[in-house]
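Colleague: Predicted model and sequence follow; I will ask about them next.
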Amino acid sequence: MKKAKDFLASKQTAKASGAKEFTEADVNKRVEEVIAERSKDGAFVFRDPKLDADLNLEMDQIKGVRGMEGYGWFANVIFHDKDTPKKQYAIDFWFKPDGDKLTLMDIRVQKGPKQDGDSYYMVTRMPVAWWWLPVQEHPGDMEVRRAWHVMSAIHNYISANKDEKGNVLVKDDKTGETVPLEFIEMHQPVRHLKKGGQYFACTDFRKPGSKDEYYDIDFWLDDKSGKLTVAEVKMHKVPVQEDGIWTQQPRYTFEGMDFEVTN
């Protein structure tokens, strides 16, 4: 209820300030534009980083649109596989208001198909995106820092720092090399250092073009300014090949750090 009131208040503020007031219809239109821009031979081509594959999809319906004050708009869209219509996907489109337009921040799979005999059903892909976590909160929980606040700040950083190929440049402190990496997913729990007050969370990235070279990247944030900001991006684990098999080697550990889990 509080999130709905906040969102309504933000729309009233936008209207009073003369800023464009977006509606669900605007979001629906923007979804259709993105799909058209990324379609080839009648199919929406979506790069699924987790599967490391391009999905060729056809849209069935826009299932729902949600707005979150300060965080943007989220459209949940149902698609089916072009060649196997029984295989359905629920895909989230995240937009943020930018002047008089809605800027696409990211596209993520919420649910994917699982085969059961000759049929398929959709299952939620884990871990869930941060924008689904506030739905599970109780009234009053917005007054403190939540895990999804931290995850949102990290995701904003990732989206803002992608290069033209969609990769994020991460510096390897050990070698000094800057490595382009493809974002796969973000993990919980989010942790909070009792001393110093920093928050951090682990994410999975992969070297572009590789099936096996995965990196664990930690994002460290502080809110000294009153706003959660990414202060440091560190390689936690890096891929190392041993006897023809890729494994992950830690660059540092959390030993000696006193932290608590942020829900």
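Modeller: It's in.
Colleague: mind showing which ranges of this protein have poor pLDDT?
Modeller: Within the chain, the set of residues satisfying pLDDT under 70 comprises 1-19, 136-143.
Colleague: let's go with 50 and repeat that
Modeller: 1-5, 16 (pLDDT under 50).
Colleague: Give me the domain ranges for it.
Modeller: 2-132, 146-262 (automatic domain parsing).
Colleague: for the residue lying closest to residue 129 once chain neighbours are set aside, which residues make a bridge with it?
Modeller: Computed as C-beta to C-beta, 6 or more residues apart in numbering, the closest residue to residue 129 that is not its neighbour in sequence is residue 108, at 5.1 Å. Where you see a C-beta, it was placed from the backbone N, CA and C, and this is true even at glycine. Bridge pairing for residue 108 (DSSP bridges) gives the partners residue 92.
Colleague: Pretty sure residue 108 sits against residue 90.
Modeller: No: using C-beta atoms under 8 Å, residue 108 is not in contact with residue 90; the gap is 10.1 Å.
Colleague: export the domains of the chain to CSV and tack on mean neighbour count?
Modeller: Below are the domains of the chain laid out as CSV (neighbours: other C-beta atoms under 10 Å):
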stretch, mean neighbour count
domain 2-132, 15
domain 146-262, 15
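Colleague: How about residue 119, nearest residue that isn't a chain neighbour?
Modeller: residue 86 (6.1 Å).
Colleague: Apologies, that question was intended for residue 258.
Modeller: residue 194 (4.7 Å).
Colleague: OK, contacts around that neighbour?
Modeller: 258, 259, 260 (C-beta atoms under 8 Å, 6 or more residues apart in numbering).
Colleague: circling back to that earlier point, checking my notes, the residue nearest to residue 119 in a helix, right?
Modeller: No: under DSSP: H, G, I helix; E, B strand; the rest coil, residue 86 falls outside any helix and is assigned coil.
Colleague: do you know how far it is from residue 80?
Modeller: According to C-beta to C-beta, to the nearest Å, residue 86 stands 7 Å off from residue 80.
Colleague: And for residue 148?
Modeller: Taking C-beta to C-beta, one finds residue 148 at 29 Å from residue 80.
Colleague: follow-up on the earlier one: who touches the residue nearest to residue 129 in this structure?
Modeller: 91, 92, 94, 129.
Colleague: for these, which one is nearest residue 237?
Modeller: Distances from residue 237 to the contacts of residue 108, taken as C-beta to C-beta, are shortest for residue 129 (22.7 Å).
Colleague: Residue 159 contacts residue 107, doesn't it?
Modeller: No: between residue 159 and residue 107 there is no contact under C-beta under 8 Å: 10.6 Å.
Colleague: thinking again about what came up before, in CSV: the contacts of residue 108, plus distance to residue 180.
Modeller: Converted to CSV, the contacts of residue 108 look like this (distance: C-beta to C-beta, whole Å):
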residue, distance to residue 180
91, 25
92, 25
94, 22
129, 23
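Colleague: Go through those and name the one nearest residue 167.
Modeller: Closest to residue 167, out of all of those and judged by C-beta to C-beta, is residue 94, at 18.4 Å.
Colleague: In terms of helices and strands, where is that closest one?
Modeller: Taking DSSP states H and E as the definition, residue 94 sits inside strand 88-98.
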